[in-house]
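Chemist: dropping a prediction and its sequence here:
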Amino acid sequence: MVVTFCGHSELPPSETSHIKRRLTQVVEELISKGANEFLLGGYGEFDKLCAAIVKELKGTYPHIKSILIIPYIDRTFDQQLYDCSEYPPLENVPKRFAISKRNEYMVDIADVLVCYITHTFGGAYKTLIYAKRKKKQIIDI
């Protein structure tokens, strides 16, 4: 089972520990149901929190894989939290659309989307709407 994440780039400091606990619980539950690949975007606080949780859980569940899906081939990314990285077929996508197209790619190949959405604008919200259109299983933190 393949899982991806989407959420806002900033998390409210007062909610971060609650979000971390809930995310850890959700990811462990998904692993128990067969999740073994986690696709991550690598931008913003929510993405980094998700990557850190998956990396931490890898100590208990060494079979899981954390994959950074990069939107730009000509930039470097901190890959310490990930097992590997992949560049989706975005060569012909204008740079200003690369992140949204990368997000759609992750949703397309994922079975489950785990999200933290608190407002109805921005890239995370658009990704959630796309996942709903694609009839993906969605778990809202």
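Modeler: Now that the structure is in, tell me what you want to look at. Residues are numbered from 1 along each chain as shown.
Chemist: so where does the residue lying farthest from the centre of the chain fall, helix or strand?
Modeler: The C-alpha centroid of the chain is most remote from residue 92, which lies 23.0 Å away (C-alpha atoms, centre = their mean). Residue 92 is part of no helix or strand, with elements assigned from DSSP states H and E.
Chemist: number the residues from 6 up from this point.
Modeler: Sounds good: first residue 6 from here, last item residue 97.
Chemist: residue 16 in helix, strand or coil?
Modeler: For residue 16, the assignment made with DSSP: H, G, I helix; E, B strand; the rest coil gives coil.
Chemist: ok, it - how many residues close by?
Modeler: Applying other C-beta atoms under 10 Å, we find 19 residues neighbouring residue 16. Bear in mind the C-beta positions are built from the backbone N, C-alpha and C, glycine included.
Chemist: so where does the residue nearest to it when sequence neighbours are not counted fall, helix or strand?
Modeler: In this structure, residue 16 finds its nearest non-sequential neighbour in residue 50, 4.5 Å apart by C-beta to C-beta, 6 or more residues apart in numbering. Element membership for residue 50, per DSSP H and E: helix 49-63.
Chemist: so for that helix, what's the average pLDDT?
Modeler: Taken as a whole, helix 49-63 has a mean pLDDT of 95.
Chemist: name the element the closest residue to residue 111 other than its chain neighbours belongs to?
Modeler: Nearest in space to residue 111, with sequence neighbours left out and distances taken as C-beta to C-beta, 6+ apart, is residue 9 at 4.2 Å. Using DSSP H and E, residue 9 sits in strand 7-12.
Chemist: what packs against that strand?
Modeler: Here strand 7-12 touches strand 42-45, helix 49-63, helix 103-114, strand 117-121, helix 128-138, going by 3 or more C-beta pairs under 8 Å, 6 or more residues apart in numbering; DSSP states H and E.
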